[in-house]
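*Asks:* the following block contains a protein sequence and its predicted model.
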Amino acid sequence: MKYNVPEDERVSIQQLVIADMQEREAHGIREYGQPLYVDSPNDADGDPIEQAYKEVLDLCVYLRWEIERRHKAAAQRLVNETTGPHRIHLSN
């Protein structure tokens, strides 16, 4: 999710979540013809709790992926810092 926010403008995380929720509602309307209401029927995929559980599993995968990417990047920075060119400064 990318937003066109000027660099000098601060946007709260809550505002970003609200924008995400508005997009999810719009997606639901495009996909199912209406937003989700308390009396909305289950779709063909079955139980909403099972659907949510599967979504949470996907979330875990994406979170772990990003954690590993950050660990790898940090390890690479450490290698670069410890094996990079060393400069010796001599004083007169």
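*Replies:* Yes, it's here. Here the structure is a predicted model, which means the values were calculated and not measured.
*Asks:* can you map out the helices along this structure?
*Replies:* With DSSP state H as the criterion, the chain has helices at 13-32, 48-83.
*Asks:* would JSON lines of those helices with distance to Asp39, mean pLDDT and mean neighbour count be doable?
*Replies:* In this view, the C-beta of every residue, glycine as well, is placed from N, C-alpha and C. Shown next, in JSON lines, are these (distance: least, CB to CB, whole Å; pLDDT from 0 to 100; neighbours: other CB atoms under 10 Å):
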{"stretch": "helix 13-32", "distance to Asp39": "13", "mean pLDDT": "94", "mean neighbour count": "11"}
{"stretch": "helix 48-83", "distance to Asp39": "13", "mean pLDDT": "93", "mean neighbour count": "10"}
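*Asks:* in TSV, list those along with distance to Asn42.
*Replies:* As requested, the helices of the chain are exported to TSV (distance: least, CB to CB, whole Å):
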stretch	distance to Asn42
helix 13-32	11
helix 48-83	6
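*Asks:* tell me which of those helices sits nearest to Glu7.
*Replies:* Glu7 sits nearest to helix 13-32 of all the helices of the chain, at 15.2 Å, using CB to CB.
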